[in-house]
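Engineer: what's the 3D shape of this:
(2 chains)
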Amino acid sequence: MSFLELEDVQTYYGQSHVLQGVDLEVDEGEVVALLGRNGVGKTTTIRSILQLTPPRSGDVRFRGESLVGKDTHEVAEAGIGWIPEGRRMFARLSVEENLRAAVPNATDVDEALGTAYDTFPILHERQGQRAGTLSGGQQQMLAIARGLIGDNDLLLIDEPSEGLAPQIVSDVGRALLSASQEVSILLVEQKLSLALDLADRFYVMDHGTIIDSGETDDVTAGDERLRRHLSA
Amino acid sequence: MIEHLLILGDLLDLFTSPSRLIAVLIEGLAKASLYVMIASGLTLIFGLMDVINFAHGAFTMYGAYMAGGLILAVGAAEMGFAMVVVVFLLVMLTIFLVLALVGTVMEVSLIRRLYEYPPIFQILLTFGIAITLEEFMRMFVEFQGINNGQYRFGWETPRLETVPTALRGATDIGLVRFENIHVLEILLGVVTIVAIWTFLNRTRYGLFVRAGVEDEEMAAALGINVKQTFTVVFAIGSGIAGAAGVILMWDPLWSVSVPLALAVLLPAFVIVIVGGLGSFKGTVVASLLVGMIDAFGTWAFQTGAITFTGIDDMMIFGILVVMLILQPRGLFGVEGQGDHG
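Structural biologist: The predicted structure follows:
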């Protein structure tokens, strides 16, 4: 039994058939990259797992239990965290309030805050600042910190390097590598080198289905097999 | 020309006479306090849920009728000042809880079904609920003979029988004269503002509300039960609407009648729009603005400077029109989001 298992997931936006039978697995302690060009259904796959866009058919199981039909907050309570594309800070809440909102059921909020501040000391310095006024890199750190301090066993991470300067990307990469020691990760990432550095396995999506998969040790960022799938 | 000079003379008289000015300002604060109580529930519900609750005024009207009935039932007419005030506050708490329960049932059983539909569905639903509640009360009132079938007559008797003597008159401190009931209204207004601000900014649940206001999906993905948060906010907003009715029942300018529902709803909407949709801070500032305009309008009418009885309403709705033209988002509104800071 896989930790996370998607079986023939079919998801629609209105009449648009976006996911056309996605099968995917993530094992416990594993980092899996989900690769593909823009618009092939990677983010929809994550939204389907979270039940933000519930699948019309197929199944999503976490630790063997189906998530289909659950509310999104129940999916989160089951131990699945989300670090979304575009960060989605609560812009008018302070850094500390953003972190507090990330642990709604925690008994020791201060301990959770301590973990976040130890990982990203800059967030401690800016704890009273409105999140919307942080730089892009700091916002990404806050997004990752929110995912880390939640009581999560699996993190769904969508485009963590998007729009960041190279130096910040390496900081983010280090933070994710550190996170991967604690939790399983399903990572959607356009920057192939970062994805392959972090992941144990990969899936490639096209037109709403998985068209290729393998071990990251068997491929490189310049690999013709991947470039063919990922080039526009 | 002579009329204009007379008005100018009255204005000069007002602003050169600190005692009169202070009296008008106190009345303005009292009116602003009532408006805060009337409008804050509406803005809370709109801020988080994007639901424009047309039944809000009906909740206030029910709160007023229930308050009169309850205070009479416990025999407040025979009690001393302190005891009546204690009963009044207990009745206010009871009505808050009852209307909060009504709001909970309404949100869970009716409104929740329409979140995924365009806003017009919620507007039609709450409008329908408002009309149903108003007509039900109208039938009850006629059947009981409370209003003698004259809806504009108001429920004078319970108010006169329950308002303590100490709150009926006015007090002079130095040269300043103010209505005693205004002190209670201002106190309740301050308590309402502090309570809502504390709830939103100093409690864990308030944090969930503000997070849900900004990004409902993200809040849910972090484990916040947004549906439950919606229900709690709707319950609190409905409870505040009912509690506002309790003090309106004692205020001689409002008192109790079925049309109170509409009389409350219109200025509440003006305040919510002028303050900025969903902004609690905006609601407080707009209440102050509207309260002061109302008080100065009343003063102008009382002095005879203006003889047109609708001057305060005209000025209040004038602000709405100006605001919609110059700054449609209102004083503190942000597109697509509420701000409870």
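
Engineer: so which strand or helix has the residue positioned nearest the centre of chain A?
Structural biologist: Relative to the mean C-alpha position of chain A, the nearest C-alpha, by Cα atoms, centre = their mean, is the one of residue A:157, at 1.4 Å. Per DSSP states H and E: residue A:157 is located in strand A:154-158.

Engineer: likewise for residue A:24?
Structural biologist: Element membership of residue A:24, judged by DSSP H and E, is strand A:16-26.

Engineer: circling back: any idea how far the residue nearest to the centre of chain A is from residue B:110?
Structural biologist: To residue B:110, residue A:157 is 39 Å away according to Cβ to Cβ, to the nearest Å. Placement of C-beta: from N, CA and C, glycine included.

Engineer: what's the answer for residue B:57, then?
Structural biologist: From residue B:57 to residue B:110 the distance is 17 Å (Cβ to Cβ).

Engineer: these two: which is more packed in?
Structural biologist: residue B:57 (28 against 14; other Cβ atoms under 10 Å in any protein chain shown).

Engineer: give me the secondary structure label for that one.
Structural biologist: Under DSSP: H, G, I helix; E, B strand; the rest coil, residue B:57 falls in the helix class.

Engineer: okay, now the nearest residue to it once chain neighbours are set aside: neighbour count?
Structural biologist: Spatial nearest neighbour of residue B:57, chain neighbours left out: residue B:265 (3.3 Å); criterion: Cβ to Cβ, 6 or more residues apart in numbering or on different chains. Neighbours of residue B:265 under the rule other Cβ under 10 Å: 24.

Engineer: again with residue A:140
Structural biologist: Residues contacting residue A:140 under the criterion other Cβ under 10 Å number 27.

Engineer: tell me the contacts of residue B:23?
Structural biologist: The contact partners of residue B:23, taken as Cβ atoms under 8 Å, 6 or more residues apart in numbering or on different chains, are B:176-178.

Engineer: which among those residues end up buried?
Structural biologist: Taking 16 or more other Cβ atoms under 10 Å in any protein chain shown as the criterion, what is buried in the contacts of residue B:23 is residue B:178.

Engineer: nearest to residue A:128 among the contacts of residue B:23?
Structural biologist: Of all the contacts of residue B:23, residue A:128 sits closest to residue B:178, with 40.5 Å by Cβ to Cβ.

Engineer: residue nearest the middle of chain B, spatially speaking?
Structural biologist: Most central in chain B (Cα atoms, centre = their mean) works out to residue B:38, at 1.2 Å.

Engineer: that one: what secondary structure?
Structural biologist: The three-state label given to residue B:38 by three-state DSSP is helix.

Engineer: that one contacts residue B:267, correct?
Structural biologist: Yes - checked against Cβ atoms under 8 Å, the pair residue B:38 and residue B:267 is within contact range at 6.9 Å.

Engineer: ok, and what's touching the strand holding residue A:24?
Structural biologist: A:2-12, A:32, A:34, A:41, A:44-45, A:48, A:55, A:58, A:154, A:184-186, A:203, A:205, A:207-210.

Engineer: now do 7 Å
Structural biologist: For strand A:16-26, contacts defined as Cβ atoms under 7 Å, 6 or more residues apart in numbering or on different chains pick out A:2-12, A:32, A:41, A:44-45, A:48, A:55, A:154, A:184, A:186, A:203, A:207-210.

Engineer: all helices of the stretch 151-300 of chain B, in order?
Structural biologist: For the stretch 151-300 of chain B, applying DSSP state H, counting those that start in this stretch gives helices covering B:156-162, B:165-168, B:180-202, B:204-214, B:216-221, B:226-250, B:260-275, B:280-303.

Engineer: can I get those in JSON lines with mean pLDDT?
Structural biologist: As requested, the helices of the stretch 151-300 of chain B are exported to JSON lines (pLDDT from 0 to 100):
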{"stretch": "helix B:156-162", "mean pLDDT": "58"}
{"stretch": "helix B:165-168", "mean pLDDT": "76"}
{"stretch": "helix B:180-202", "mean pLDDT": "92"}
{"stretch": "helix B:204-214", "mean pLDDT": "90"}
{"stretch": "helix B:216-221", "mean pLDDT": "94"}
{"stretch": "helix B:226-250", "mean pLDDT": "92"}
{"stretch": "helix B:260-275", "mean pLDDT": "90"}
{"stretch": "helix B:280-303", "mean pLDDT": "87"}
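
Engineer: for these, give me CSV that also has distance to residue A:191.
Structural biologist: Shown next, in CSV, are those (distance: least, Cβ to Cβ, whole Å):
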stretch, distance to residue A:191
helix B:156-162, 71
helix B:165-168, 70
helix B:180-202, 39
helix B:204-214, 28
helix B:216-221, 23
helix B:226-250, 32
helix B:260-275, 45
helix B:280-303, 42
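
Engineer: of all the ones you listed, which one comes closest to residue A:114?
Structural biologist: For residue A:114, the closest of the helices of the stretch 151-300 of chain B is helix B:204-214, at 18.0 Å, according to Cβ to Cβ.

Engineer: any idea how far residue B:109 is from residue B:234?
Structural biologist: 12 Å.

Engineer: so those two - more neighbours on which side?
Structural biologist: Just comparing residue B:109 and residue B:234: by other Cβ under 10 Å the higher neighbour count belongs to residue B:234, 25 against 9.

Engineer: setting aside sequence neighbours, what's the nearest residue to the more buried one?
Structural biologist: residue B:107 (4.0 Å).

Engineer: pretty sure that neighbour is in a helix, no?
Structural biologist: Yes - judged by three-state DSSP, residue B:107 forms part of a helix.

Engineer: what parts of chain B come near chain A?
Structural biologist: Chain B comes close to chain A at residues B:207-208, B:210-211, B:214-215, B:217-227, B:339, as judged by Cβ under 7 Å from any Cβ of the partner chain.

Engineer: can you count the residues close to residue 116?
Structural biologist: All of this refers to chain A. So residue A:116, with other Cβ under 10 Å, has 25 neighbours.

Engineer: please go with chain B instead
Structural biologist: 7.

Engineer: likewise for residue A:86?
Structural biologist: Neighbours of residue A:86 (other Cβ under 10 Å): 12.

Engineer: without its sequence neighbours, what residue ends up closest to it?
Structural biologist: Nearest to residue A:86 is residue A:162, by Cβ to Cβ, 6+ apart, at 7.4 Å.

Engineer: contact partners for the residue nearest to residue B:234?
Structural biologist: B:230-231, B:234.

Engineer: how does it look with 8 Å?
Structural biologist: Residue B:107 makes contact with B:230-231, B:234-235, according to Cβ under 8 Å, 6+ apart.

Engineer: before we move on, what about residue B:246?
Structural biologist: By Cβ under 8 Å, 6+ apart, the contact set of residue B:246 is B:63-64, B:67, B:88, B:91-92, B:95.

Engineer: ok, 6 Å please
Structural biologist: Going by Cβ atoms under 6 Å, 6 or more residues apart in numbering or on different chains, residue B:246 touches B:63, B:67, B:92, B:95.
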